[in-house]
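# Mind folding the following:
(2 chains)
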Amino acid sequence: TQLLEQSPQFLSIQEGENLTVYCNSSSVFSSLQWYRQEPGEGPVLLVTVVTGGEVKKLKRLTFQFGDARKDSSLHITAAQPGDTGLYLCAGPRTGANNLFFGTGTRLTVIP
Amino acid sequence: GAVVSQHPSRVICKSGTSVKIECRSLDFQATTMFWYRQFPKKSLMLMATSNEGSKATYEQGVEKDKFLINHASLTLSTLTVTSAHPEDSSFYICSANNQGPTEAFFGQGTRLTVV
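Below is the predicted model:
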C-alpha cells in the first residue's frame, strides 16, 4: 500500500523564520509533486521532482527528492504570511494515472 | 498553464435533494478526470476516476449510486450527489491530467453544505 506521510502535520512560525516540511514513504515513486492549497481553493502545483537527489528552487522554496526516490523535502527560507497554506506532496499511483496525496502540512506564518 | 474550471464554488442544499458539480478542462482535452473529497484540515481522498465515454471507476467505499459521475465529452465531467445528507457536506475537487499524472491540474473546488 502506498503511503505518503508528511511531517509536521501543523506548523506555526513567525515571519522571517525558515522551515522544512518532509514527505516520506516506504515506496519508490517515479516522481513527486508538491502542491500548495489555500482555504476554499484547489491545490496549485509548485514543482515536480523526477530524479533521485534532484534539487529544485522556486524563489525562497527549495525542493529535494531523496536519492532512493522514497522521500522529499520542502524548505522555505524567510517565510512570509503569503506562504500560509496546506502543503501537499503527491506521487503517481501505482498502476493508475492519478495522484496519491500525502497527509498534508498546514503552515501558518504569523506576521 | 492548463486550466480546469469547477462550478459552482459553493452550494447549499436541503437534505434529500441532488446537487450537480461541473468540472471543465478549458484549454485541453481530458479523457480522464478525477474527483476528490477533502474533509476539514485533511488531505485529498480520491473518490472516483471519470472516463470519457465509459463508466466511472469508483474507489473502495464510495457509493456509485450516491455519487453519479458522467463524462460525456472530452472537456466536461459532472459529479451529482444524489439524495444529499448532512454527512455529504464536504469540499469536492476535480482534476484533469494534461499529459499524465505529473501534469494534473485542479479545479477551484466546490464547498457543499447540506442542511
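# Would you confirm that residue B:90 contacts residue B:112?
Yes. Taking contacts as Cβ atoms under 8 Å, residue B:90 lies within contact range of residue B:112: 6.0 Å. Bear in mind the C-beta positions are built from the backbone N, C-alpha and C, glycine included.
# Residue B:91 should be in a strand, yeah?
Yes. According to DSSP: H, G, I helix; E, B strand; the rest coil, residue B:91 belongs to a strand.
# Assess the claim that it and residue B:38 are in contact.
Yes. Between residue B:91 and residue B:38 a contact is recorded at 4.4 Å, counting by Cβ under 8 Å.
# Any idea how far stretch A:54-70 is from the middle of the chain?
9 Å (Cα atoms, centre = their mean, to the nearest Å).
# so residue B:38 touches residue B:45, yeah?
Yes. Using Cβ under 8 Å, residue B:38 is in contact with residue B:45, at 7.0 Å.
# shared neighbours of residue B:91 and residue B:38, anything?
Counting by Cβ atoms under 8 Å, 6 or more residues apart in numbering or on different chains, the common neighbours of residue B:91 and residue B:38 are residue B:109.
# Point out the residues in chain A that sit beside chain B.
Taking Cβ under 8 Å from any Cβ of the partner chain, the part of chain A that reaches chain B is made up of A:31, A:33, A:35, A:40-45, A:48, A:50, A:88, A:90, A:92-93, A:96-104, A:106.
# Looking at residue B:38 and residue B:45, which is more packed in?
residue B:38 (21 against 14; other Cβ atoms under 10 Å in any protein chain shown).
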